[in-house]
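# Okay, structure incoming, though there's no sequence with it:
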């Protein structure tokens, strides 16, 4: 039961602190009348008049022709996206090529080492070691 009292006490403390803080007054909704009809300050930039809002969607219907500027802007966006995609894939391809080259070099080194070990193990001392080392000329 003591944890419920501790929780209740903590909640009451938080409520008291919030009610006394000056930020709580600034976050409250103002009770003034007429502020919804005539917004002032930054709200004036956010909300537009009713006539402007209705004309906003009438400017161009869904099948309306686009202006040259709109077409050019969309084309620039498409070209920029294509360029970013091409650069991304080119970078990935270069990373893979360097990885594959490294893997190939490591594999060649391992096979060369194992071949040398085999030659050393099987060399009987009777024949010159260059017999195992024949390279095509």
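On my side now, so go ahead. Quantities reported herein were computed from a predicted structural model and do not represent experimental measurements.
# Where does pLDDT dip in the chain?
1, 22-46, 56-63, 125, 127-137 (pLDDT under 70).
# ok, 80 please
Within the chain, the ranges that satisfy pLDDT under 80 run 1, 21-65, 122-137.
# Just give me the longest helix of the protein.
For the chain, the helix with the greatest residue count under DSSP state H is helix 68-122.
# Show me what that one packs onto, helices and strands only.
Using 3 or more C-beta pairs under 8 Å, 6 or more residues apart in numbering; DSSP states H and E as the contact test, no helix or strand touches helix 68-122. For every residue, glycine as well, the C-beta is placed using N, CA and C.
# Make 723 the starting number, not 1.
Sure, I'll start counting at 723 from here, so that last one is helix 790-844.
# Against residue 835, how distant is residue 825?
Between residue 825 and residue 835 the distance is 16 Å, computed by C-beta to C-beta, to the nearest Å.
# Give the burial count for residue 736, as a bare number.
Neighbourhood size, residue 736 [other C-beta atoms under 10 Å]: 10.
# Much appreciated, bye for now.
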